[in-house]
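> Here is a sequence together with a model predicted from it:
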Amino acid sequence: MKLICDLDDLPQDLRGGSVTIGNFDGVHCGHARIIERLCARATEVGGPSVVFTFDPHPVRLLRPDVAPPPLTWTKRKAALLAELGVDAMIAYPTDEALLSLSPRDFFDEVVCRRLQSRAIVEGPNFFFGHNRAGNISMLETYCLAEHLTLEIVLPVKEGDDYISSSRVRQAIAAGDIDWASNALTEPYRIRGMVTHGSARGSRIGFPTANLDAVDTLIPGTGVYAGQAYWNARPWPAAIHIGPNPTFGEDVRKVEVHLIGFNGNLYGEALEVDFVARIRDVRPFKSVDALIAQLNRDVAEAKERLGAP
């Protein structure tokens, strides 16, 4: 799968296929259904399957004060889409010129002239062009006039809720990793740099990697079972998000205990998947009581992860 960041670099073999346009933040099961139809349409028209997305999300330029934290970064999004069979992802640099295009101009310039699309696949709540003035009805009219195939894919449900990036974001912020895991195509992942902490974990036998500069949504306060990746190698992990009330601290931290790991990770990049929520964060009456609970947390994390 190719990741393209400039339409001037788009090779001819990635034109003339099936296209879907959107943010695809998180890459959830609703997105997966769109991608399934995108790939099918690409086969029908004999061209590539292409996802056109935006980097950054347009709202980060238009209304940065209300922009939600993203669920994925660009390369992670591309990797998730590649797993679903997409031939190329275009991460178009969002700028004022793009955002000022009318729906008709966006369709003519991007969809027709630059991508030379022969088929389009979208969800029913698709909007495009300046001020999101374009809708599915307008897109249908444009496609009919240009002899492009348009397929509308209905949303997917998880339980009683329709799956959307907003709903996934809500679940992760609340610590509902089970719902998010069922809604996403892969476990929810964050990344950050390992920085120095108080080193208290090492002194009680549970060293943690303190993550800073996390550029995606941090899950709600709690203790989780997960998988850490350092130099692409996976490590089972117990993850603590929140303050350390036993020691009188109220600063929210992301602390990752790599089970069985011995080494120095300071200054290293770390990626972490969230697999299951273990418990709430709470104070303990003594350090010994905390250590006993941490042992139970590690045992439960290993059980949830199927780790030896």
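On my side now, so go ahead.

> Give the buried residues for the lowest-mean-pLDDT helix or strand in the chain.
Lowest on mean pLDDT, DSSP states H and E among the helices and strands of the chain sits helix 200-203, with a mean of 81. Neighbour counts using 16 or more other CB atoms under 10 Å place 200-201 of helix 200-203 among the buried residues. The C-beta positions use only the backbone N, C-alpha and C, and glycine is treated the same way.

> ok, and what's touching it?
Helix 200-203 is contacted by residues 207-208, 244, 247, 255, 257 when judged by CB atoms under 8 Å, 6 or more residues apart in numbering.

> Repeat the analysis, applying 6 Å as the threshold.
207-208 (CB atoms under 6 Å, 6 or more residues apart in numbering).

> Now do Val153, the pLDDT please.
Looking at Val153, its pLDDT is 98.

> Which residue is the nearest non-sequential neighbour of His196?
Once flanking residues are discounted, His196 sits nearest to Tyr266: 6.2 Å by CB to CB, 6 or more residues apart in numbering.

> Ramachandran angles for the one you found?
Dihedral pair for Tyr266: phi -60, psi 130, per degrees, to the nearest 10.

> dump the residue contacts of Ser117.
Neighbours of Ser117 in contact, by CB under 6 Å, 6+ apart: 19, 111.

> Just the pLDDT at it, thanks.
So, for Ser117, pLDDT stands at 98.

> residue boundaries of the helices in the protein?
With DSSP state H as the criterion, the chain has helices at 29-45, 59-62, 74-83, 96-99, 103-106, 136-146, 165-173, 177-183, 200-203, 287-305.

> and the ones you listed as JSON lines, adding distance to Thr221?
Below are these laid out as JSON lines (distance: least, CB to CB, whole Å):
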{"stretch": "helix 29-45", "distance to Thr221": "26"}
{"stretch": "helix 59-62", "distance to Thr221": "25"}
{"stretch": "helix 74-83", "distance to Thr221": "24"}
{"stretch": "helix 96-99", "distance to Thr221": "36"}
{"stretch": "helix 103-106", "distance to Thr221": "41"}
{"stretch": "helix 136-146", "distance to Thr221": "39"}
{"stretch": "helix 165-173", "distance to Thr221": "10"}
{"stretch": "helix 177-183", "distance to Thr221": "12"}
{"stretch": "helix 200-203", "distance to Thr221": "17"}
{"stretch": "helix 287-305", "distance to Thr221": "15"}
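
> out of these, nearest to Gly222?
Gly222 sits nearest to helix 177-183 of all these, at 8.5 Å, using CB to CB.

> any residues touching that closest one, and which ones?
28-29, 158, 163, 168, 171-172, 187-188, 274, 277.

> For the buried ones among these, write the corresponding PyMOL selection.
Per 16+ other CB under 10 Å, the buried members of the contacts of helix 177-183 correspond to this PyMOL selection:
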select buried, resi 28+29+158+163+168+171+172+188+274+277
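
> and which of the contacts of helix 177-183 is nearest to Tyr92?
Closest to Tyr92, out of all of the contacts of helix 177-183 and judged by CB to CB, is His28, at 21.0 Å.

> Let me know whether the closest one touches Leu184 as I believe.
Yes. If you go by CB atoms under 6 Å, His28 and Leu184 touch, sitting 5.2 Å apart.

> Tell me if I'm right that Pro245 and Lys285 touch.
No. Look at Pro245 against Lys285 with CB under 6 Å: they stay out of range, at 11.3 Å.
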